[in-house]
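*Asks:* Below are the sequence and a predicted model; questions follow.
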Amino acid sequence: MTILTPRTRYAAIVLLVALVACAAVAAFRLRTESHARRVEIAMDFTDFEALARSYNYNPAAFLIALRRAGLTSLALTEELGNNVGLDGKAYAIAGSALMNQGRVAPLADPLLASLVRERRVKPSAIYLVVFDAATYQRYRTQLALHFEPKSVRVLRATRPWVIEVLTQIDYFNALGLGIPTDQIELARRLHLLVVPRLQNDERFRAPQINAAFADVLRYDPKVSTVIFFGLGNQVLGYPDHLEDTAAAFTRSLFSFGSIETYDPSQVQKGNDKLARLIPGRTVRVQAIAKTELDKLKLDEIVARYVLGARERNVRVIYLRPWPHQDGDLTIEATNVEMVKGIADQLKAAGFRLGRATPVPLYHGNSRVLVGIATLAVPSIFVLLLDFFGWYRRRIAVAAYALTIVFFLAGVVAHHEIFARSAIALAGALLFATAALLILIPAWNEAPAARFGEQFLRSLGWTVAAAGVALLGALVVVGIMSSPLAMEEIDRFRGVRVILALPPLIALCLYLFDRRFGAGVERPRDVFLSPVLAYQLLAGIIIVAAGALMLVRSGNESDVSPSAFELSLRHALTAVLSVRPRFKEFLIGFPAMMLLPALAIRHRRAIGWLLALAIGVGVGDVIDTFSHLHTPLEVSLLRVAYGIVIGAAIGALFIWLYRVFAYRRVAATSR
């Protein structure tokens with residue numbers, strides 16, 4: 001197929017320059033991804049301590065064993081008001097409860113007894129009795145952040161300290177009171193990094209936010225990644241002071257942990273805005289909920305975490321202890337084995353363990369380079385116009401002007417990611433169309449006489465179509481590869497469109513372009529032709545399959561794979577290290593291989609089905625690279641494996657066809 005004429009040579013030159021710019025972005029990205037390969041394995045200390053106490057394990061010895069297995073960090077969560085007293089260093093009691101207790105039995109503490117006796121207890125207040133000096137200092141610091149000075153009063157300034165807080169019990173129970181000092185000291189003593197888990201207070205301003213960070217740094221500067229939590233599911237500073245939180249991150253050099261979710265409603269409020277305020281400082285965090293953890297086997301847990309690091313740019317593996325035994329191992333040994341399994345597989349895959357490395361700002365995100373890359377889209381559009389005979393100079397000029405203006409308008413209006421996504425989506429669909437047009441000669445050539453020759457022909461057409469689709473993928477990578485997109489903060493919204501439209505484009509091209517040899521003389525004949533029952537049934541099945549394919553796409557699907565499919569996925573991952581996509585090696589590539597091997601009459605009989613299958617494969621090749629949080633190396637391996645396996649399956653189909661069908665057709669023609 002030729003889509004280059006003298007009047008479009010300038011478009012071809014611009015396309016070449018733009019593709020070079022896209023390749024430069026891809027090269028910069030590959031280099032950046034090869035350097036950002038340090039993964040942090042963190043254990044939730046709250047759940048860990050609960051498990052250790054339940055089975056009477058020595059927490060320090062248990063942690064040493066985990067550290068030797070590969071654990072790098074402890075995730076330390078702020079103490080909440082309703083947890084005061086669990087460590088025996090303090091207790092909290094509401095004023096009304098204190099009064100009732102004094103009526104039933106004498107109080108041992110003379111100060112509390114005198115307050116009850118003299119009726120100076122305030123029913124709506126909370127009374128804190130603290131036995132540990134470090135805990136007392138922490139409470140004083142944290143209470144000053146959350147309350148006005150008049151709301152907090154020290155009733156006794158010597159051990160045991162007594163603090164009166166004017167607040168409601170339900171508000172106090174949900175209050176963050178800082179990270180216990182002994183937990184930070186334990187992490188430091190065991191040479192583990194600290195992952196602070198802080199809770200937001202919507203009244204916090206810059207002084208309180210800075211104090212919250214300083215409170216952690218005061219005890220241990222070896223803080224790696226900050227992860228937020230809380231009933232409100234908010235990042236610190238939300239909603240009005242995210243800029244202050246960003247400034248605190250910038251001064252402290254912490255990384256911000258963005259928790260990976262499969263449901264958009266679970267994303268922490270303020271997560272994306274904070275990440276955009278500190279570009280190059282965000283790391284993806286993967287955790288498995290307790291309810292799901294109980295349903296998984298040990299090897300499945302290990303495989304899921306390793307897969308997240310390898311294929312989704314996860315750099316903080318957030319562990320909760322697994323409260324089960326694996327074989328004859330104790331629960332303690334099982335958890336050590338879990339950490340060891342994750343660490344060993346990560347190191348075998350080329351990752352390093354330690355402080356998580358975010359995707360930094362890199363040269364490939366230059367607006368000049370990206371701007372040049374966007375010119376690939378109007379260029380391929382102009383070439384396609386000429387191929388279909390619709391070329392007009394004014395249309396070509398308008399296409400270039402519109403692309404440039406749209407990109408610049410997105411930059412000026414601070415909606416750059418929207419502009420880049422729209423341009424990248426258009427480029428993906430245009431290159432998918434070009435990949436389908438490449439196969440026009442394959443729709444018309446006669447099958448080869450020998451199997452070996454036919455295999456080489458089919459493989460050549462498959463590689464050609466996949467190559468053009470990969471150019472479309474390169475354009476998407478060149479336009480969209482920002483650090484925020486690679487951390488899935490900025491999302492490419494065209495993923496499902498890239499899956500849905502290429503099969504429809506392929507079907508339309510096959511039916512309405514005579515060069516595909518469908519035998520349709522007039523477009524209206526397609527709509528006026530009678531529909532047989534089997535055709536109707538096949539159409540319903542294909543539409544249902546297409547809908548299922550779209551619903552199943554992405555990480556947020558509500559339709560779970562079958563047990564057989566999951567086992568097949570695990571087997572492919574175990575054997576190949578990177579699993580190829582089913583839509584490529586089971587549908588798209590075998591259809592490309594089989595197409596030129598069919599006799600003309602058979603080709604026309606199932607041509608519409610072949611067109612749909614090839615469209616699925618072409619769209620999926622581009623879609624593979626549209627998941628920008630997946631490293632380029634993984635996506636390239638995935639497509640390469642898909643071509644090899646798909647070609648092997650296609651060769652089998654060709655052999656079966658030639659054995660059972662083609663020989664009879666050839667004999668009849670003679």
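*Replies:* Received, thanks.
*Asks:* From here on, just use CA atoms for contacts and neighbour counts.
*Replies:* Fine.
*Asks:* can you list the domain ranges for this protein.
*Replies:* By the assignment in automatic domain parsing, the chain contains the domains 37-78+178-353, 83-173, 425-669.
*Asks:* Can you check which of the ones you listed gets nearest to Ala376?
*Replies:* Closest approach to Ala376 among the domains of the chain (CA to CA): domain 425-669, 7.1 Å.
*Asks:* any idea of the mean pLDDT in the longest helix anywhere in the chain?
*Replies:* Secondary structure of the chain per DSSP state H: the longest helix is helix 451-480. Regarding helix 451-480, the rounded mean pLDDT is 96.
*Asks:* Check stretch 325-343 too.
*Replies:* Confidence over stretch 325-343, taken as the mean pLDDT, stands at 95.
*Asks:* which residues sit against that stretch?
*Replies:* Defining contact as CA atoms under 8 Å, 6 or more residues apart in numbering, one finds that stretch 325-343 is touched by 57, 62, 65-66, 69-71, 298, 301-303, 305-306, 321-324, 353.
*Asks:* circling back to that earlier point, buried set for the following helix or strand past the longest helix of the chain?
*Replies:* Beyond helix 451-480 in the direction of the C-terminus, DSSP states H and E gives the next helix or strand as helix 483-486. When burial is assessed from 16 or more other CA atoms under 10 Å, helix 483-486 yields the following buried residues: 483-486.
*Asks:* Please apply the same query to stretch 412-430.
*Replies:* Taking 16+ other CA under 10 Å as the basis for neighbour counts, the residues of stretch 412-430 that come out buried are 416-430.
*Asks:* How about stretch 331-351?
*Replies:* Residues 331-332, 334-343, 345-346, 351 are the ones in stretch 331-351 that count as buried (16+ other CA under 10 Å).
*Asks:* and the residues you listed, which of them are in helices?
*Replies:* Mapping the buried residues of stretch 331-351 onto helices (DSSP H) picks out 331-332, 334-343, 345-346.
*Asks:* Return the closest of these with respect to Trp655.
*Replies:* So of these, ranked by how close each gets to Trp655 (CA to CA), first place is Gln345, at 39.8 Å.
*Asks:* Which residue, neighbours along the chain excluded, lies closest to the closest one?
*Replies:* Among residues not flanking Gln345 along the chain, Val306 sits closest, at 6.9 Å (CA to CA, 6 or more residues apart in numbering).
*Asks:* per-residue pLDDT, the one you found?
*Replies:* 95.
*Asks:* Tell me where the chain is predicted with low confidence.
*Replies:* With pLDDT under 70 as the threshold, the chain has low-confidence stretches at 1-5, 219-221, 519-566, 662-670.
*Asks:* Now do the strands in it.
*Replies:* Counting by DSSP state E, the segments of the chain that form strands are 38-44, 73-77, 90-94, 125-130, 152-156, 161-166, 193-199, 225-229, 255-259, 282-287, 314-319, 352-353.
*Asks:* For the fifth one, which strands pair with it and how are they oriented?
*Replies:* When you say that, I think you mean strand 152-156. The strands that strand 152-156 pairs with in its sheet are strand 161-166 (antiparallel) (by DSSP bridges).
*Asks:* Now do the residue nearest to Gln345 against Val314, distance only.
*Replies:* For Val306, the distance to Val314 (CA to CA, to the nearest Å) stands at 9 Å.
*Asks:* More neighbours: which of those two?
*Replies:* Taking neighbours as other CA atoms under 10 Å, Val306 and Val314 compare with Val314 leading, 30 against 21.
*Asks:* Leaving out chain neighbours, which residue sits closest to that one?
*Replies:* Val314's closest residue in space is Arg284 (CA to CA, 6+ apart), at 4.7 Å.
*Asks:* so the one you found makes contact with Gly308?
*Replies:* No - Arg284 sits out of contact with Gly308 when judged by CA atoms under 8 Å, with a separation of 9.4 Å.
*Asks:* Now for these two: what residues contact both?
*Replies:* Overlap of the contact sets of Arg284 and Gly308 (by CA under 8 Å, 6+ apart) consists of Val314.
*Asks:* If you count surrounding residues, which of the two has more?
*Replies:* Under the criterion of other CA under 10 Å, the comparison of Arg284 against Gly308 puts Arg284 first, with 26 against 20.
*Asks:* how close does the more buried one sit to Ala485?
*Replies:* Relative to Ala485, Arg284 is positioned 12 Å away (criterion: CA to CA).
*Asks:* re the thing from before, Val17: which of the buried residues of stretch 412-430 is nearest?
*Replies:* Sorting the buried residues of stretch 412-430 by distance to Val17 puts Gly427 at the head of the list, at 15.1 Å, by CA to CA.
*Asks:* Contact partners for the closest one?
*Replies:* In this structure, Gly427 makes contact with 376-377, 380, 472, 475-476, judged by CA under 8 Å, 6+ apart.
*Asks:* which of these lies closest to Asn271?
*Replies:* The shortest approach to Asn271 among these belongs to Val476, at 25.0 Å (CA to CA).
*Asks:* Look up the closest residue to the closest one, ignoring the ones flanking it.
*Replies:* By the measure of CA to CA, 6+ apart, the closest residue to Val476 outside its immediate chain neighbours is Ala424, 5.1 Å from it.
*Asks:* thinking that neighbour is in contact with Leu471, fair?
*Replies:* No - using CA under 8 Å as the test, Ala424 is too far from Leu471 to be in contact (12.0 Å).
*Asks:* Tell me, how many residues neighbour Arg189?
*Replies:* 10.
*Asks:* quick one: it and Lys340, what's the gap?
*Replies:* 21 Å.
*Asks:* And for His415?
*Replies:* Between His415 and Lys340 the computed distance is 44 Å (CA to CA).
*Asks:* go on, Phe351?
*Replies:* Between Phe351 and Lys340 the computed distance is 14 Å (CA to CA).
*Asks:* Ok, Ala174 next?
*Replies:* With CA to CA as the criterion, Ala174 and Lys340 are 36 Å apart.
*Asks:* Next, count neighbours for the nearest residue to Trp655 once chain neighbours are set aside.
*Replies:* The shortest distance from Trp655 to any residue other than its chain neighbours is 7.2 Å, reached at Phe451 (CA to CA, 6+ apart). If you count neighbours by other CA under 10 Å, Phe451 ends up with 15.
*Asks:* Settle this for me: Phe451 is touching Leu656, isn't it.
*Replies:* No - using CA under 8 Å, Phe451 is not in contact with Leu656, being 10.7 Å away.
*Asks:* Between the two, which contacts overlap?
*Replies:* Looking at what touches both Phe451 and Leu656 (by CA under 8 Å, 6+ apart), there is no common residue.
*Asks:* ok, Ala134 - contacts?
*Replies:* Contacts for Ala134 (CA under 8 Å, 6+ apart) come out as Thr181.
*Asks:* how close does it sit to Val165?
*Replies:* The spacing between Ala134 and Val165, counted by CA to CA, is 19 Å.
*Asks:* could you dump the domains of the chain to TSV with distance to Leu385?
*Replies:* Shown next, in TSV, are the domains of the chain (distance: least, CA to CA, whole Å):
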stretch	distance to Leu385
domain 37-78+178-353	38
domain 83-173	64
domain 425-669	11
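*Asks:* quick one, which of these is nearest to Ile13?
*Replies:* Each of the domains of the chain has some distance to Ile13 by CA to CA; the shortest is domain 425-669, at 15.2 Å.
*Asks:* Now Ile489: closest residue in space that isn't a chain neighbour?
*Replies:* Taking CA to CA, 6+ apart, and ignoring the residues beside it in sequence, Ile489 has Asp272 as its nearest neighbour in space, at 5.7 Å.
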